[in-house]
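[1] Attaching a predicted model along with its sequence, questions to come.
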Amino acid sequence: MNATFLIARRELGSYFRTLTGYIIAAILLLVDGLLFNIFALGGGEKLSAEVIGQFFFYTSGLTVIASIFLSMRLLAEERQTGTLVLLTSSPVHDVEIVLGKFLSALFFLALVLAASVYMPLLVLVNGKVSAGHLLAGYLGLLLIGGASLAIGTFGSAIARTQVLAVIFSASITLAMVVCWMLSKVTERPLSDVFVALAFHGKHFPPFQSGTVHLRDVIYYLMVTYVALFSATRVLESRRWK
């Protein structure tokens, strides 16, 4: 595990040494602030819980998009620059490489999300904010962000370039989001399968409203596990080529 944290520390430092991390963070916070001001705070009088719920709704979508771009460089950049061969030939296990890179992106994403906490706190000017609602919402953001980063890590593992990594990751994520729509136009038992697989429409709204369900936590953790496991297997297959 020491190798995992060493890789995570090195990768986290790269987000602060390059403009990519700052640009993604700035765009996320800027667009999030604009959407919060236009749709959550605007449009007449609303209950405080409704404003907070809308904030988490828009932030969740932006978090997924930001996660895909944050993860595009994790493994694809190593392969693009030719350093992936050196990394995989070193005495480090593939699972440690994948976990280290994933944890670095997750920690950076958590820092960016923490910087957005002032937005829902603005509700305190004219309303009330429930600490439980905020904690549940940010837990949901971390879970959906972590799942998106894991999918992005898998996309980065199978792609030759960072552009392809974004395309692969976005396609997988979009397919899982569309499952919610497909559940509306199909019949059981197929509709139940689509509902269970729905990335956002089924599993995130409880967090958005301030409720934490164990099934939703398990869903995002399972998506994260499967994606990271797949990324590890991709690296292992390339080690023997």
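    Now that the structure is in, tell me what you want to look at.

[2] From the centroid of the chain, which residue is nearest?
    Closest to where the C-alpha atoms of the chain average out (Cα atoms, centre = their mean) is residue 145, at 2.1 Å.

[3] what's the distance between it and residue 114?
    Per Cβ to Cβ, to the nearest Å, residue 145 is found 12 Å from residue 114. Yep, even glycine has a C-beta here, placed from its N, CA and C like the rest.

[4] residues of the helix or strand harbouring residue 181 that come out buried?
    Using DSSP states H and E, residue 181 falls within helix 162-185. For helix 162-185, a neighbour-count test (16 or more other Cβ atoms under 10 Å) marks 162, 164-166, 168-170, 172-173, 176-177, 179-180, 182-183 as buried.

[5] Summarise which helices and strands that helix is packed against.
    Using 3 or more Cβ pairs under 8 Å, 6 or more residues apart in numbering; DSSP states H and E, the elements in contact with helix 162-185 are helix 48-71, helix 76-81, helix 131-158, helix 190-197.

[6] which outside residues touch it?
    For helix 162-185, contacts defined as Cβ atoms under 8 Å, 6 or more residues apart in numbering pick out 64, 68-69, 71-73, 75-77, 80, 148, 151-152, 154-156, 158-159, 191-192, 194-195, 197-202, 223.

[7] How many residues are close by the nearest residue to residue 69 once chain neighbours are set aside?
    Closest residue in space to residue 69, ignoring its immediate chain neighbours: residue 24 at 5.4 Å, by Cβ to Cβ, 6 or more residues apart in numbering. By other Cβ atoms under 10 Å, 21 other residues sit near residue 24.
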